[in-house]
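Student: what follows is a protein structure lacking sequence information:
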């Protein structure tokens, strides 16, 4: 499946949003807590995670984790009917 997807917490707040190609996350995916606050941002290239940012709204800090070698890249597949791309 190709396209844009959004999943929501039980309270109606957005949980995550992003695009996928052939059921694989692709591009920027954003993840939110149940209050609607952005907690993470990941960048994928056809299922391979390239970057990962973690946001701490209390401390107002961003931690960046980048995968730039083939050994450290995480390959993922996404099923839009079940969970956010992890």
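Tutor: Cool, got the structure. Not measured: the values here are computed from a predicted model. Numbering: from 1, shown residues only.
Student: contact partners for residue 26?
Tutor: 18-20, 44-47 (Cβ atoms under 8 Å, 6 or more residues apart in numbering). To be clear about C-beta, it is placed using only N, CA and C from the backbone, and glycine gets the same treatment.
Student: show me what it is bridged to.
Tutor: residue 19 (DSSP bridges).
Student: for the spatially closest residue to residue 2 that is not a sequence neighbour, give its distance to residue 48.
Tutor: Counting by Cβ to Cβ, 6 or more residues apart in numbering, residue 21 is the residue found nearest to residue 2 once chain neighbours are left out, at 5.3 Å. From residue 21 across to residue 48, the span is 12 Å (Cβ to Cβ, to the nearest Å).
Student: any residues in contact with both of the two?
Tutor: Residues touching both residue 21 and residue 48 by Cβ under 8 Å, 6+ apart: none at all.
Student: residue 42 in helix, strand or coil?
Tutor: The three-state assignment at residue 42 reads strand, by DSSP: H, G, I helix; E, B strand; the rest coil.
Student: OK, contacts around it?
Tutor: If a contact means Cβ under 8 Å, 6+ apart, then residue 42 has 25, 28-29, 31, 49, 51-53, 85 as its contacts.
Student: out of the residues you listed, which end up buried?
Tutor: Under a neighbour-count criterion of 16 or more other Cβ atoms under 10 Å, the subset of the contacts of residue 42 counted as buried comprises 25, 29, 31, 49, 52-53, 85.
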